[in-house]
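Colleague: from the sequence below, what's the structure:
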Amino acid sequence: MDKVRIIEGRAYPFGAKNVDTDVIIPAAWLKTITREGLGRGAFETLRAQEGNLFDDPHYKDSPILIAGDNFGCGSSREHAAWALGDLGIQAVIAPSFSDIFSGNAFKNGILTVVLPQEAVDRLMEVAQTDEITIDLESQTVTTPFQDRFTFEIDPFRKHCLLNGLDEIGLTLARDEAIGAFEQRRGEAMPWIERGTENMAMEKQA
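Modeller: I've put the predicted structure just below:
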């Protein structure tokens, strides 16, 4: 997982409320087992409409999406986060998120920023013409017009995002401690190690 510190650029001024995961990535795209290419299916029903926001050249490759209340509601499909990531979105700003979507986004390195509706409205206005900057370390969202909005984030999630640590990375970071525990366990309970070795030999046979 890539480290998340500064996310800067144009933002999609989407703003829609109660956008569920079926809108983010339709069910027809759930047959795939890979994340690559899911960006093509992101917001597919909306992109079928002429002049839609997501295919507007003014917002091409925007790393930020500004949404309305309850973004990511509906089913728990992780494909929604995969599709946003493949589309190039690194952060979503909204007044509120579905808990499951927020968790899936975090696990996939996407920052979810909760701000009051007034701040979201202002950012929607700025996004029409200018870039927006999100600084995770200082927990601020700023604009070229001296707007500055602060947001809260769980300290554990912040630590993981700043350091690019997913669940595998967190485990690998404890490699020495895990190795030391296994050695102590082997010395204290050698029959467990022998049982593991016997199982491995049986599989080879």
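
Colleague: point out where this protein drops to low pLDDT.
Modeller: 167-175, 177-183, 185-186, 191-205 (pLDDT under 70).

Colleague: got the domain ranges for it?
Modeller: 6-164, 174-204 (automatic domain parsing).

Colleague: so which of those domains is the most packed in?
Modeller: domain 6-164 (a mean of 17; mean count of other CB atoms under 10 Å). Quick note: C-beta positions are derived from backbone N, CA and C, even for glycine.

Colleague: what sits against the residue nearest to residue 117 when sequence neighbours are not counted?
Modeller: Distance criterion CB to CB, 6 or more residues apart in numbering; nearest residue to residue 117, sequence neighbours excluded, is residue 95 at 5.0 Å. When contacts are counted by CB atoms under 8 Å, 6 or more residues apart in numbering, residue 95 is found next to 68-69, 114-117, 120.

Colleague: ok, residue 95 to residue 164 distance?
Modeller: 28 Å (CB to CB, to the nearest Å).

Colleague: and what of residue 6?
Modeller: Where residue 164 is concerned, residue 6 sits at a distance of 14 Å (CB to CB).

Colleague: all strands of the chain, in order?
Modeller: Assigned by DSSP state E, the strands in the chain fall at 6-9, 11-13, 64-66, 91-94, 111-114, 132-135, 140-142, 148-150.

Colleague: please tell me how far the residue nearest to residue 117 sits from residue 82.
Modeller: Applying CB to CB to residue 95 and residue 82 gives a distance of 24 Å.

Colleague: no further questions, thank you.
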